[in-house]
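Undergrad: Structure for the following, please:
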Amino acid sequence: MTPSQLRATLKLRAFPPHGIADVQRRTVARLHRLADVGTLATIDVDVWGSHAVADSMTDHECAASTEAVSDFERWAESRGYTLAPAFAYRECGSMIDDETREVTVVPLVTLAVYEGDRLEAVYPHADGDRVRTVGDGIEALEAMAPPSDDRSDDPARERDPSENRGERLLVTPGR
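TA: You can find the predicted model right below:
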């Protein structure tokens, strides 16, 4: 992977439990620091619902979430990884009709790293018995960063994610 061509997509679950919004904010700030030093070319932050539905959906936002999960699953399968346990799979009954649907409950934070248009990594994922977290993914990106005298890893230097310095904020209504 070439740092100057890397882009990150961070998917944050809408309406997280108490305390998780701070974790999400710190994760966004760490990615901003990587963009500031040139490790990442762009950062996309996408807020999505709590799950993706496996059947075809007409709603664009649901379809986009389902497509992203499918892309992540193909990436994991092609490398002998799995997205479970962070991505949970279950049947869910409808309150409108008698049908059940397979749903994927998505993690509170998901990181996808692309080189150009090619998906290079998804966090979290499991490699055998070892779960690779979003933190592991960011640490791998940080290891690619050029050395700096600047103490950019100092939490006091975290930038407010609302500054929106070059990333695209894609907000999908929670489902």
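Undergrad: which residue sits closest to residue 13, ignoring its sequence neighbours?
TA: residue 108 (4.8 Å; CB to CB, 6 or more residues apart in numbering). Bear in mind the C-beta positions are built from the backbone N, C-alpha and C, glycine included.
Undergrad: if I look at that neighbour, how far off is residue 74?
TA: According to CB to CB, to the nearest Å, residue 108 stands 22 Å off from residue 74.
Undergrad: These two: who's more crowded?
TA: residue 108 (19 against 12; other CB atoms under 10 Å).
Undergrad: rewinding a little: what's the residue nearest to residue 13 in contact with, if anything?
TA: Residue 108 is in contact with 12, 13, 16, 17, 20, 23, 24, counting by CB atoms under 8 Å, 6 or more residues apart in numbering.
Undergrad: got it, and residue 11?
TA: Taking CB under 8 Å, 6+ apart, one finds 46, 47, 48, 68, 106, 109, 110, 111, 112 in contact with residue 11.
Undergrad: Give the partner strands of the strand or helix carrying the second one in its sheet and their orientations.
TA: Going back to what we said before, that points to residue 47. Using DSSP states H and E, the element containing residue 47 is strand 42-48. Strand pairing for strand 42-48, determined by DSSP bridges: strand 6-13 (parallel), strand 168-171 (parallel).
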